[in-house]
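*Asks:* heads up, no residue letters with this:
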């Protein structure tokens, strides 16, 4: 027995020489605990057909049996995973926590295709004061539309066009007529308006052509009522006589042949209607350059800008009690018409129901239009006038006394140039 003692000898595996067996690193190999192993067949040193358990000390004369070496198993390299996004938007087919489960189980999670993002719907819902303003605007639009339709049903209509027109011309032309008819007026109303004369007279105090071009400003052209022109079928006469003998169709035909402009729309208003419309809008502003006192027109007005009522406005457009007579009157008629349209379409009239509805009612009962004209055509006139208008009178070449009285002669060359500019 060596000096190490039995415990030392039993702890380490020894060779035949009794020295501990060293591993490849030079360290003594420790003895494994004794285990029962199945006996293997074979011929041992003793010839008994058995062999000693591996790792046990050999018997005298028996070779040393070493434990079998374990085969070297090549282990695969650890799988390298692609980095998984830390945050992935949740979709309907992806369960929460899927990324974390994949990391714990060591499985590869292929990146899922990004779903196409839909743009969020933007819904503008007014609230508070804005909501009230929107509803007020909607109500105003509905009322305006209803009033236009109502006016259209109340307009007086007539067949104002002749059977044959002149050739088409550019833009749109309105024939605007102010009738001096007293029909329907009581004695008190005639006295208040200062109309006088023969009740039921069918002549025109006002004849104007409103030209609306495709682009640019409108043109309001006055035709003096005493203009000496050819009336189809009646010969030379004052232009307002055409209305007296043939009504609106003959007047339209006379204007077309005298100017070469095709008339597309027709609007007529009488004396009572004119005064009522002015009163319904609360009066209009006129600016006479001189004081005018005309008892026949029931007019007494001072120079300067001022607001006038219906009877005063009617006298203002009817009087010829100034130096240039009818030429001054047509200029006042254009001034009056522009001021009336401006007041009717102003915010102070449209936004005030106590003024708006009386105005609508007066217009509905006072205007006579062609059978194919409607209230929205009249509305277009108002909008065109609001955008500015050029005013002009047919150029006058002089005056002459004829068998039909004192007449106005046109300057043929200048007048033709004006008519051509509107074609």
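*Replies:* Yep, it's here. Computed from a prediction, not measured in an experiment: that's the story for all the values here.
*Asks:* Residue 249 is in contact with residue 160, correct?
*Replies:* Yes: using Cβ atoms under 8 Å, residue 160 is in contact with residue 249, at 6.1 Å. Yep, even glycine has a C-beta here, placed from its N, CA and C like the rest.
*Asks:* Pick out whichever of the two has more residues nearby.
*Replies:* Using other Cβ atoms under 10 Å, the more surrounded residue of residue 160 and residue 249 is residue 160, with 23 against 18.
*Asks:* From residue 335, how far out is the more buried one?
*Replies:* 25 Å (Cβ to Cβ, to the nearest Å).
*Asks:* low pLDDT regions in the chain?
*Replies:* Within the chain, the ranges that satisfy pLDDT under 70 run 1-10, 33-117, 119-130, 181-203.
*Asks:* And the helices in it?
*Replies:* Along the chain, the segments classed as helices by DSSP state H run 5-11, 98-105, 129-154, 187-193, 241-259, 271-280, 310-318, 326-344, 347-350, 353-366, 375-386, 412-421.
*Asks:* For the fifth one, which residues meet the burial criterion?
*Replies:* Going back to what we said before, that points to helix 241-259. Of the residues in helix 241-259, those buried by neighbour count under the rule 16 or more other Cβ atoms under 10 Å are 241-243, 246, 248-256, 258-259.
*Asks:* Could you do the shortest one as well?
*Replies:* Of the residues in helix 347-350, those buried under the neighbour-count criterion (16+ other Cβ under 10 Å) are 349, 350.
*Asks:* so which of the buried residues of helix 241-259 comes closest to residue 223?
*Replies:* Closest approach between the buried residues of helix 241-259 and residue 223, by Cβ to Cβ: residue 255, at 7.0 Å.
*Asks:* Distance check, the spatially closest residue to residue 358 that is not a sequence neighbour against residue 134.
*Replies:* In space, not counting the residues next to it along the chain, residue 358 is nearest to residue 280; the distance is 4.2 Å by Cβ to Cβ, 6 or more residues apart in numbering. Computed as Cβ to Cβ, the residue 280 to residue 134 distance reads 30 Å.
*Asks:* Those two: which is more packed in?
*Replies:* Counting neighbours by other Cβ under 10 Å for residue 280 and for residue 134 shows that residue 280 has the greater number, 22 against 14.
*Asks:* List the residues that contact the more buried one.
*Replies:* 355, 358, 359, 361, 362 (Cβ atoms under 8 Å, 6 or more residues apart in numbering).
*Asks:* what do you get for residue 274?
*Replies:* With the criterion set at Cβ under 8 Å, 6+ apart, residue 274 makes contact with 178, 310, 313, 314, 317, 366.
*Asks:* Next, count neighbours for the second one.
*Replies:* Number of residues near residue 310 (other Cβ under 10 Å) recorded here: 23.
*Asks:* quick one: contacts for the residue lying closest to it once chain neighbours are set aside?
*Replies:* Once its chain neighbours are removed from consideration, residue 310 has its nearest residue in residue 275; the separation is 3.2 Å (Cβ to Cβ, 6+ apart). For residue 275, the contact set (Cβ under 8 Å, 6+ apart) comprises 193, 310, 311, 313, 314.
*Asks:* Tell me which two of those sit farthest apart.
*Replies:* Pairwise distances across these (Cβ to Cβ) peak at 10.3 Å, for the pair 193 and 313.
*Asks:* Verify the contact between residue 270 and residue 179 for me.
*Replies:* Yes: with the criterion set as Cβ under 8 Å, residue 270 and residue 179 qualify as a contacting pair; they are 4.8 Å apart.
*Asks:* Next, the distance between the ends of stretch 349-358.
*Replies:* With Cα to Cα, to the nearest Å applied, stretch 349-358 spans 10 Å between its terminal residues.
*Asks:* what comes into contact with that stretch?
*Replies:* The set of residues that contact stretch 349-358 without belonging to it, under Cβ under 8 Å, 6+ apart, is 140, 144, 147, 280, 281, 282, 343, 348, 359.
*Asks:* Now that we have the residues you listed, which of them are buried?
*Replies:* The buried subset of the contacts of stretch 349-358 - by 16+ other Cβ under 10 Å - is 147, 280, 281, 282, 343, 359.
*Asks:* Buried residues in stretch 142-158, which are they?
*Replies:* The neighbour-count criterion (16+ other Cβ under 10 Å) identifies 147, 151, 152, 155 as the buried residues of stretch 142-158.
*Asks:* And the strands in the stretch 151-300 of the chain?
*Replies:* Assigned by DSSP state E, counting those that start in this stretch, the strands in the stretch 151-300 of the chain fall at 156-158, 172-179, 204-212, 218-222, 228-231, 235-238, 265-269, 284-286, 292-294, 299-301.
*Asks:* which helices and strands sit right next to the fourth one?
*Replies:* Contacts of strand 218-222 with other secondary structure elements, assessed using 3 or more Cβ pairs under 8 Å, 6 or more residues apart in numbering; DSSP states H and E, are made with strand 204-212, helix 326-344, strand 389-393.
*Asks:* Of all these, which one is nearest residue 418?
*Replies:* Residue 418 sits nearest to strand 389-393 of all the helices and strands packed on strand 218-222, at 6.7 Å, using Cβ to Cβ.
*Asks:* Tell me what angle the closest one forms with strand 218-222.
*Replies:* Computed by axes from the mean of the first three to the mean of the last three Cα atoms, to 10 degrees, the angle separating strand 389-393 from strand 218-222 equals 20 degrees.
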